[in-house]
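> Okay, here's the prediction I keep looking at, along with the sequence it came from:
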Amino acid sequence: DQQVKQNSPSLSVQEGRISILNCDYTNSMFDYFLWYKKYPAEGPTFLISISSIKDKNEDGRFTVFLNKSAKHLSLHIVPSQPGDSAVYFCAASAHTDKLIFGTGTRLQVFP
Amino acid sequence: DAGVIQSPRHEVTEMGQEVTLRCKPISGHDYLFWYRQTMMRGLELLIYFNNNVPIDDSGMPEDRFSAKMPNASFSTLKIQPSEPRDSAVYFCASSKERAYNEQFFGPGTRLTVL
């Protein structure tokens, strides 16, 4: 049973526009969430995280929003750049255990 | 630091053969993780170690898979015998202090079982 779901396998966005990547989770015990970015032939790299005590965390062009009642988080990239083209994984943790990753969303930013 | 090192980067083998994947974590990291990436299941945790001790192996698909961490700087994931459905990219990652902390991933090993 997939506890962390990324229902959009791919997303295509024009350069300069906003990219919104979504993630849903089922386990109400999750209280720490992370986004990772993965380029081809490389391992995932950490991008941004958020604790359940917050509903928003911002780092430059990247903002993560958390809606605990809906068990939903999203990653906003503004403005999108061609170098953002990658696979994005969301991950969740119950803070005392391992990370559970989603299936990933492939983002393509075109000129 | 060189980051997490994995070898080999690519492995092609025939069904029934033994496969051994290797990982060197970042020095000073307490946790080591083995993941498998597939299209269907995304990044799937197989097993993780804390201070060289296996903590959770519930993700290991079956008895054909085994993992060891004989010391703080080396771990192996072994598949014996290998099957075509084991074909995937296998990642090793390490982190410091807590399992949910930011994990640093190696470049992965692409395994193809014919």
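Happy to help now that I have it.
> for the closest residue to residue A:43 other than its chain neighbours, which residues make a bridge with it?
Spatial nearest neighbour of residue A:43, excluding adjacent residues (Cβ to Cβ, 6 or more residues apart in numbering or on different chains): residue B:105 at 3.0 Å. C-beta: built from backbone N, CA, C; applies to glycine. Beta-bridge pairing of residue B:105 under DSSP bridges involves residue B:93.
> Report the buried residues of stretch B:30-37.
By neighbour count, with 16 or more other Cβ atoms under 10 Å in any protein chain shown as the criterion, the buried positions of stretch B:30-37 are B:30, B:31, B:32, B:33, B:34, B:35, B:36, B:37.
> now do stretch B:39-49
Under the neighbour-count criterion of 16+ other Cβ under 10 Å, stretch B:39-49 has B:42, B:43, B:44, B:45, B:46, B:47, B:48, B:49 buried.
> Please list all residues in contact with the residue nearest to the spatial centre of chain B.
Of all residues in chain B, the one closest to the mean position by Cα atoms, centre = their mean is residue B:34, 3.1 Å from it. Residue B:34 makes contacts with B:23, B:45, B:46, B:47, B:48, B:67, B:75, B:77, B:90, B:91, B:92, as judged by Cβ atoms under 8 Å, 6 or more residues apart in numbering or on different chains.
> just residue A:10 next, same as before
Residues in contact with residue A:10, defined by Cβ under 8 Å, 6+ apart, are A:105, A:106, A:107, A:108.
> Dump those to a markdown table, plus secondary structure.
Written out in a markdown table, the entries for those read as follows (DSSP: H, G, I helix; E, B strand; the rest coil):
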| residue | secondary structure |
| --- | --- |
| A:105 | strand |
| A:106 | strand |
| A:107 | strand |
| A:108 | strand |
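> Can you turn the buried part of the residues you listed into a PyMOL selection?
In PyMOL, a selection of the buried entries from the contacts of residue A:10 looks like this (16+ other Cβ under 10 Å):
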select buried, chain A and resi 105+107
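> follow-up on the earlier one: which ones among the buried residues of stretch B:39-49 are found in helices?
Using DSSP state H, no member of the buried residues of stretch B:39-49 falls within helices.
> among those residues, which two are most distant?
In the buried residues of stretch B:39-49, two members sit farther apart than any others by Cβ to Cβ. They are B:42 and B:49, at 21.6 Å.
> that older thread, would the residue nearest to the centre of chain B count as being in a strand?
Yes - assignment of residue B:34 by three-state DSSP places it within a strand.
> what residue ranges in chain A score low on pLDDT?
Per-residue confidence for chain A (pLDDT under 70) gives these ranges: A:96-97.
> what residues does it put near chain B?
Residues of chain A found near chain B, taking Cβ under 8 Å from any Cβ of the partner chain as the criterion, are A:2, A:6, A:32, A:34, A:41-46, A:49, A:89, A:91, A:93-104.
> coming back round to it: pull the number of nearby residues for the residue nearest to residue A:43.
Counted with other Cβ atoms under 10 Å in any protein chain shown, residues neighbouring residue B:105 total 22.
> got a list of what residue A:101 touches?
A:4, A:36, A:89, A:90, A:91, B:35, B:42, B:43, B:44, B:45.
> Then residue B:45?
Counting by Cβ under 8 Å, 6+ apart, residue B:45 touches A:98, A:99, A:100, A:101, B:33, B:34, B:35, B:56, B:59.
> tell me which of the residues you listed is nearest to residue A:81?
Taking the contacts of residue B:45 together and measuring to residue A:81 by Cβ to Cβ, the closest member is residue A:101, at 24.3 Å.
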